[in-house]
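In: Let me see the structure of the following:
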Amino acid sequence: MKKFTTILMTCLIMLVVVLTGCSTFRVDKVKYYNEILAKVGDQNITRFDLINAYNSYGYTNYVTQQGKSEKEALLSTMDLLVQRKLTAQYAMDNPAEYSLSEYEVKKLYRDTVDSLLESVEDNKTTARKIYDLEKVESAEDETDSAESFKLSEYNYEKRVEIVDGQIKYKKIETDGDIDEIDISIAQKYIKYHKNYTQDAIVKQLLALFKKEFYANIDNEDEALYKRVCDKAIELTCTNLANYEYYLREDGKKLSTNKEDLLYRFVQRTYLSQLESAYITKVNNIYLQKEALSNESIINAYKAMYESDYAKYANDADAYNEKIISTDGDLIYYTPNSDAEFGYFLHVLLPLNNVEDDMNWLKDHRHLYTDEEYKAEQMALINQIMCEQRATKDIRDDTTGELIYEEGVKMEGEVSIQEALEEYADTVKDLNSFKEFMFKYTTDTATLTADMPYIIGYNTVTDEEYSSMVANFTAEAIRLMKEGKSNSAYSDADEYILSNYGVHLLYYVGPVNNKVKVEDINKLTIEQLDSAILNEATGETYLDRVFDLVYPASSEGMFTSNTKYSSYEQTLIESLYSKYPVTLYETKIKASNKI
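Out: As a prediction, this is how the structure comes out:
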């Protein structure tokens, strides 16, 4: 829901580019964009609302992905807007069941401020260019988001659990804490939804937005950075003034004072996030009422198992080729053969500071004897410096101030010797290897893949089955044969080296069948839940098949999906009967410029 709202708010600001022009055109357009296309209870949906929604997600989802005509896509977008309004209204009218918890209010605050910050980021970039101050970066800007991974998010987040022999959606936790968010002003309004728009709350959010927007000021560049932030706010207010021109009612003038513009900007963003918070709350509660079928899961697994059995039971060569491909995790049957396969996690310590010298050495290999080349190579490897990520939030022991957020690259580097000493001292099992992996590896495929690497060999002929480099494969097979979980490195001669750097492996476990062919018709839901598919993340076969039968996208209450689950469909029908909805369909024309 946060992404939905952030995209929407960004599009609202960007839309002013196509709405500015001569005064006559603008006056005519005020009436055009404020024309009411639908009424939902006591709320209106204007052409402006529809255009924003269509541009931000309607066109992509309904035209590009689903092949609908423009008129059909506009109507589908309108249906979505109506359903969101209905759901939010329903939550507000039933506070006993849908009152937000303190945690949910804190999350509402956090999402609102994050959305505001994201919406003005482009203007901050423009301000830097205006002052030729691209060097003035915030702490967040200095972090390479492509290298930021959270260890806490790596483990599979289960969506389903078994209760009294029946699968049910796992209850979504709504307790906890969100750092640096104070909801003391909103505290007394938590049980009274209609008071959430209190002036005091909007002012509190505005203050929090400003505090965080100006927060990353380096002492050396404080004056320069403040100029950038001030200019970004000025640009934002100019855009907001143009945008709000089309929101005004006839004869009503909105103040163009900077503080008033920002106040209304925060208020609109907050109300949009509040709507999403209500929808999420209704969604979470209704998920628990969804009737799920054990048989649908078991039958889906059996169908995939039997299909793979037909493919590979008598064609081990085809299996051996498929299992090491990127689709290897989609195979549900392993044939009896002389081949054995295993799952492997991996840490890559890149060449970094010695890469250029290593490439030069490789290009001039002919100048050295084998012993000399090996010595030069090892000397360079021992000079490698390794970057580190924070595996958890790191705070100052005295002040409690956040120094590094989990997943962010930390300042300073350690030598490869120090990294390997830490590896030897701390890596004792799968969990400790995963922590080391998140701290050091630059192999992003390991961090984002659905499955670990799969490598195998023929127990009779020693033929290798792998898509990895030779020494990587050799080490993986050695670990499998010797029944060891991970390698130990006593000196540089034992490093697994490639053109990318030094590799560290962990043998997670063998690839095998979770149920025998003769027992497939006796399969129970408990067996699927106890059969681990991915030891690295904890995902089970129940989790995987459940995701196929009940896609997670269906849980995004009133997102741009057209296929609703039974609980969503029931809710939609009941809401339309509770609240009057009037749709002026003839006013929604594909010929209108969007």
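In: where does this protein have its least confident helix or strand?
Out: Sorting the helices and strands of the chain by mean pLDDT, DSSP states H and E puts helix 16-19 at the bottom, at a mean of 42.
In: For burial, what's the neighbour tally of L479?
Out: For L479, the count of nearby residues is 19 (other Cβ atoms under 10 Å). For every residue, glycine as well, the C-beta is placed using N, CA and C.
In: mind listing what it touches?
Out: Shown in contact with L479 (Cβ atoms under 8 Å, 6 or more residues apart in numbering): 342, 344, 485-487, 505, 507.
In: ok, now Q527?
Out: Contacts of Q527 by Cβ under 8 Å, 6+ apart are 514-515.
In: So, low pLDDT: which residues of the chain?
Out: 1-28, 133-153, 172-197, 216-221, 246-252, 448, 489-494, 552-568, 590-594 (pLDDT under 70).
In: Now do the domain split for it, please.
Out: 2-292+553-587, 335-511 (automatic domain parsing).
In: thinking again about what came up before, what's the farthest-apart pair in the contacts of L479?
Out: Farthest apart among those by Cβ to Cβ are G342 and S487. That separation is 13.8 Å.
In: any chance you could map the helices in the stretch 201-350 of the chain?
Out: Secondary structure of the stretch 201-350 of the chain by DSSP state H, counting those that start in this stretch: the helices cover 222-245, 258-287, 294-312, 316-323.
In: returning to what we had before: ok, which of the domains of the chain comes nearest L533?
Out: domain 335-511 (7.9 Å).
In: Just give me how far that closest one sits from the chain centre.
Out: 26 Å (Cα atoms, centre = their mean, to the nearest Å).
In: residues contacting Y319?
Out: 311-312, 331, 334-335, 337, 339.
In: Would you quantify the distance from it to Y495?
Out: 33 Å (Cβ to Cβ, to the nearest Å).
In: ditto for E422
Out: 16 Å.
In: Which one's more surrounded, the two?
Out: Comparing E422 with Y495 by neighbour count (other Cβ under 10 Å), the higher total belongs to Y495, at 21 against 16.
In: excluding its backbone neighbours, what's nearest that one?
Out: V502 (5.0 Å; Cβ to Cβ, 6 or more residues apart in numbering).
In: surely that neighbour meets F472?
Out: No - in terms of Cβ atoms under 8 Å, V502 does not count as a neighbour of F472; the distance is 10.8 Å.
In: Mind listing the shared neighbours of those two?
Out: I496.
In: Would you agree S485 is in contact with G509?
Out: No - using Cβ under 8 Å, S485 makes no contact with G509, being 9.1 Å away.
In: dump the residue contacts of the closest residue in space to K514 that isn't next to it in sequence.
Out: Leaving aside its sequence neighbours, K514 sits nearest to A531 (Cβ to Cβ, 6+ apart; 3.7 Å). By Cβ under 8 Å, 6+ apart, the contact set of A531 is 514-515, 540-542.
In: Kindly recompute the last result at 10 Å.
Out: Taking Cβ atoms under 10 Å, 6 or more residues apart in numbering, we find A531 in contact with 301, 513-515, 523, 540-542, 544.
In: Same list (those residues) but as TSV, adding neighbour count, distance to Q204 and secondary structure.
Out: Shown next, in TSV, are those (neighbours: other Cβ atoms under 10 Å; distance: Cβ to Cβ, whole Å; DSSP: H, G, I helix; E, B strand; the rest coil):
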residue	neighbour count	distance to Q204	secondary structure
Y301	26	51	helix
N513	16	58	coil
K514	18	53	coil
V515	20	56	coil
L523	19	55	coil
T540	21	44	strand
Y541	23	48	helix
L542	25	44	helix
R544	22	44	helix
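In: Can you tell me which of those residues is closest to A73?
Out: The closest of these, once distances to A73 are taken by Cβ to Cβ, is R544, at 32.8 Å.
In: what's the spacing between the residue lying closest to the closest one once chain neighbours are set aside and F438?
Out: Sequence neighbours aside, L533 is the residue nearest to R544 in space, at 5.3 Å (criterion: Cβ to Cβ, 6+ apart). Going from L533 to F438 by Cβ to Cβ gives 21 Å.
In: just the helices in the stretch 401-550 of the chain please.
Out: 416-426, 430-440, 444-448, 470-482, 525-530, 541-549.
In: Now distance to Q388 too, for these, in CSV please.
Out: Below are the helices of the stretch 401-550 of the chain laid out as CSV (distance: least, Cβ to Cβ, whole Å):
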stretch, distance to Q388
helix 416-426, 8
helix 430-440, 5
helix 444-448, 14
helix 470-482, 23
helix 525-530, 36
helix 541-549, 31
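In: Tell me which of those sits nearest to R84.
Out: helix 541-549 (25.1 Å).
In: How many residues are close by Y368?
Out: 14.
In: How about I532?
Out: 16.
In: cool, L108 as well?
Out: 25.
In: Next: E72.
Out: Neighbours around E72, by other Cβ under 10 Å: 14.
In: Next one: it from Y59, what distance?
Out: Counting by Cβ to Cβ, the gap from E72 to Y59 is 12 Å.
In: before we move on, what about L254?
Out: Taken as Cβ to Cβ, the span from L254 to Y59 is 29 Å.
In: Settle it for me: which of those two has more neighbours?
Out: Y59 (18 against 15).
In: Next, the more buried one: secondary structure please.
Out: helix (DSSP: H, G, I helix; E, B strand; the rest coil).
In: residues touching it, list them.
Out: Contacts of Y59 (Cβ under 10 Å, 6+ apart): 53, 65, 68, 70, 73-74, 77, 594.
In: how close does it sit to I588?
Out: 14 Å.
In: And D356, by the same measure?
Out: Relative to I588, and taking Cβ to Cβ, D356 is found at 61 Å.
In: Have a look at the two and say which one is more surrounded.
Out: I588 (18 against 9).
In: Provide the backbone phi and psi angles at the more buried one.
Out: phi -100, psi 100 (degrees, to the nearest 10).
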